[in-house]
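Visitor: when you get a sec, could you give me coordinates for this:
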Amino acid sequence: MKLKLFEFKKVRSTNDTAIRLIKQNYTNGFIMSETQTFGKGQRGKKWVSRKGNLFISIFFKINQKLFLNKIIKLNLKIINKIINSFINAKTNIKSPNDILIKKKKVCGILQETLFKDENKFLIVGMGINLLNSPKIKNYPTTCLNSYSKKKIHKKQIVKKIKLDFEKNYYKFCK
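Guide: Predicted coordinates:
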């Protein structure tokens, strides 16, 4: 499957944009935005979207029988592997949806499903602290470029994420 690329300067949230595109009859896509005004986290929390970081959502049709808990593990594995390929530090997955470096959050993933015209769609939203990280009381955060010998550019990591999801799409259709 080839994901259609949608690039924006500013959105409310990349997941909300994916929902809008699905309702406009797009069947798959890779959304990226330079900024988000209202990024979403788990259980209604807000994702702090600082300029220079990576905000993306991927959406596509999936098998109606797949359950989110199975899919989140697969997505965390894919993103964790990609992050590890760019840095000189070990990452850890913190259930249900975070990737940590040295016990500090570097990435959050928010998955949502949407039913339209008897099809089930998966939306995988990701926030990756690339250049900087927010200061959150009682929750340490970090950014990828703190653990890399050379600067990681958005285009590098976006290309790798897009290719890996296109390559692993068949796993979502089982």
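
Visitor: quick one: the strands in the protein, in order.
Guide: For the chain, the strands defined by DSSP state E cover 5-11, 28-36, 39-40, 46-47, 54-62, 91-94, 98-101, 104-116, 119-128.

Visitor: worst average pLDDT in the ones you listed?
Guide: If you rank the strands of the chain by mean pLDDT, strand 46-47 sits at the bottom with a mean of 64.

Visitor: related to what we said a few turns ago, between the strands of the chain, which one is closest to residue 138.
Guide: Closest to residue 138 of those is strand 104-116 (Cβ to Cβ; 11.7 Å). Yep, even glycine has a C-beta here, placed from its N, CA and C like the rest.

Visitor: list the helices and strands the closest one packs on?
Guide: Based on contacts counted as 3 or more Cβ pairs under 8 Å, 6 or more residues apart in numbering; DSSP states H and E, the elements that strand 104-116 packs against are helix 14-23, helix 68-86, strand 98-101, strand 119-128.

Visitor: and residue 166, which of those is closest to it?
Guide: helix 68-86 (11.2 Å).

Visitor: so how far is the closest one off the chain centroid?
Guide: Centre-to-centre, helix 68-86 and its host chain are 9 Å apart (Cα atoms, centre = their mean, to the nearest Å).

Visitor: avg pLDDT for that helix?
Guide: The model assigns helix 68-86 a mean pLDDT of 88.

Visitor: what does that helix contact?
Guide: Helix 68-86 has contacts (Cβ atoms under 8 Å, 6 or more residues apart in numbering) with 62, 90-91, 93, 96-97, 99, 106-107, 109, 111, 113, 122, 124, 126, 128, 144, 148, 152, 156-157, 160-161, 164-165, 168, 171-172.

Visitor: may I see the buried residues of it?
Guide: When neighbours are counted by 16 or more other Cβ atoms under 10 Å, the buried residues of helix 68-86 are found to be 71, 72, 75, 76, 78, 79, 80, 82, 83, 86.

Visitor: before we move on, back to that, can I get the helices and strands packed on strand 104-116 in a markdown table with distance to residue 57?
Guide: Output for those, formatted as a markdown table (distance: least, Cβ to Cβ, whole Å):
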| stretch | distance to residue 57 |
| --- | --- |
| helix 14-23 | 4 |
| helix 68-86 | 12 |
| strand 98-101 | 17 |
| strand 119-128 | 4 |
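
Visitor: out of the ones you listed, nearest to residue 31?
Guide: Nearest of the helices and strands packed on strand 104-116 to residue 31, taken as Cβ to Cβ: helix 14-23 at 4.8 Å.

Visitor: which other helices and strands does that closest one contact?
Guide: By 3+ Cβ pairs under 8 Å, 6+ apart, helix 14-23 packs against strand 5-11, strand 28-36, strand 39-40, strand 54-62, strand 104-116, strand 119-128.

Visitor: and those strands as TSV, adding mean neighbour count?
Guide: Converted to TSV, the helices and strands packed on helix 14-23 look like this (neighbours: other Cβ atoms under 10 Å):
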stretch	mean neighbour count
strand 5-11	13
strand 28-36	21
strand 39-40	24
strand 54-62	23
strand 104-116	18
strand 119-128	22
